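Peer 1: below are the sequence and a predicted model; questions follow.
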Amino acid sequence: MTSASSAPSPVPADSGAALHLYAVALGSNRSLTGRLGPRRILDAAFAALDEAPLRLLARSRIIASAPLGPSRRRYANAAALVAAPLTPLAMLDHLQAIEHRFGRRRQRRWGARTLDLDLLLWSGGRVRQRRLTIPHPAMAMRAFVLQPLSKIAPDWRDPSSGRTVRQLAVRLTRTQPAR
Ligand code: A4P
Ligand code: MG
């Protein structure tokens, strides 16, 4: 694992299976059975993102952010670069299984959650399926996503806008100085 990464490059696979690179957003604004707070949940989630068949290549710092949407609790947010021999839908299933392990039960949309793992970008470009859209449609509007992501993958180019993550982050800071 390294602390910083620029543009993603293909990572050689030990097994011979095609290895893909994913940028993952982590968010939490609810404790796990009153014991683990959001920051510690994200620390544990980083460890889960480094369990086979996943490999954690880079992790950002964990930031605190004001809630967007109806939930009133503050969030802990972070970003990770993960290599995996999984196609995007299999990766989504895997991330949802991790969320479930952390006690996430899907209730109302945008409700408080112990752990939210979103797929932001992947090395294969775009995905548009019923269950999955990559790039994540809201990433370019969210400082709590772009700020951590720009620390670990500043040169990764968003295929929707053609802009790098660093450019998207700068743009957002300029247009939303108050956030
Ligand atoms: N889905 C489609 N595309 C993706 C993708 N790229 N990554 C589908 C992950 N999932 C994707 O997500 C609902 C469905 O989206 C999934 O079943 C999957 O098939 P969910 O995680 O079950 O529900 P959700 O998270 O409540 O909905 P959504 O729309 O993903 O919400 P967001 O966009 O994740 O926003 N404020 C702060 N400060 N920090 C936060 O992290 N997060 C949210 C949730 C709101 N406010 C926040 C934060
Ligand atoms: Mg989600």
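Peer 2: In hand now; what should we look at? Ligands and ions are numbered 1, 2, ... in the order given.
Peer 1: hey, let's count contacts and neighbours off CA atoms from now on
Peer 2: OK.
Peer 1: name the residues that touch the top helix by length along the chain?
Peer 2: Secondary structure of the chain read by DSSP state H shows that its longest helix is helix 88-101. Residues outside helix 88-101 that contact it (Cα atoms under 8 Å, 6 or more residues apart in numbering) are A45, A48, A84, T114, L115, D116, L117, L119, W122, V127, R131, L132.
Peer 1: how many residues are close by the second one?
Peer 2: Other residues within reach of A48, judged by other Cα atoms under 10 Å, total 17.
Peer 1: how near is the closest residue to it other than its chain neighbours to ligand 1?
Peer 2: Nearest non-adjacent residue to A48, counting by Cα to Cα, 6 or more residues apart in numbering: I98, 7.2 Å away. In this view, I98 and ligand 1 are 12 Å apart by Cα to the nearest ligand atom, to the nearest Å.
Peer 1: for T164, same thing?
Peer 2: Here the criterion is Cα to the nearest ligand atom. By it, T164 lies 18 Å from ligand 1.
Peer 1: what does that residue show for phi and psi?
Peer 2: Backbone geometry at T164, expressed as degrees, to the nearest 10, gives phi -80, psi 160.
Peer 1: distance check, it against ligand 2.
Peer 2: 22 Å (Cα to the ion, to the nearest Å).
Peer 1: which SS state does the residue positioned nearest the centre of the chain fall under?
Peer 2: Taking Cα atoms, centre = their mean, the centroid of the chain lies closest to A25, which sits 1.5 Å from it. Recorded secondary structure, A25: strand (DSSP: H, G, I helix; E, B strand; the rest coil).
Peer 1: tell me the contacts of the residue nearest to it when sequence neighbours are not counted?
Peer 2: Among residues not flanking A25 along the chain, A79 sits closest, at 4.6 Å (Cα to Cα, 6+ apart). Applying Cα under 8 Å, 6+ apart to A79 gives the contacts A23, V24, A25, L26, R59, S60, R61, V145, P148, L149, I152.
Peer 1: narrow those to just the buried residues.
Peer 2: Buried subset of the contacts of A79 (neighbour count, 16 or more other Cα atoms under 10 Å): A23, V24, A25, L26, R59, S60, V145, P148, L149, I152.
Peer 1: bridging residues for the second one?
Peer 2: Beta-bridge pairing of V24, defined through DSSP bridges, involves A80, L119.
Peer 1: picking that back up, which positions in the longest helix of the chain come out as buried?
Peer 2: Residues of helix 88-101 classed as buried: P88, M91, L92, H94, L95, Q96, I98, E99 (neighbour count, 16+ other Cα under 10 Å).
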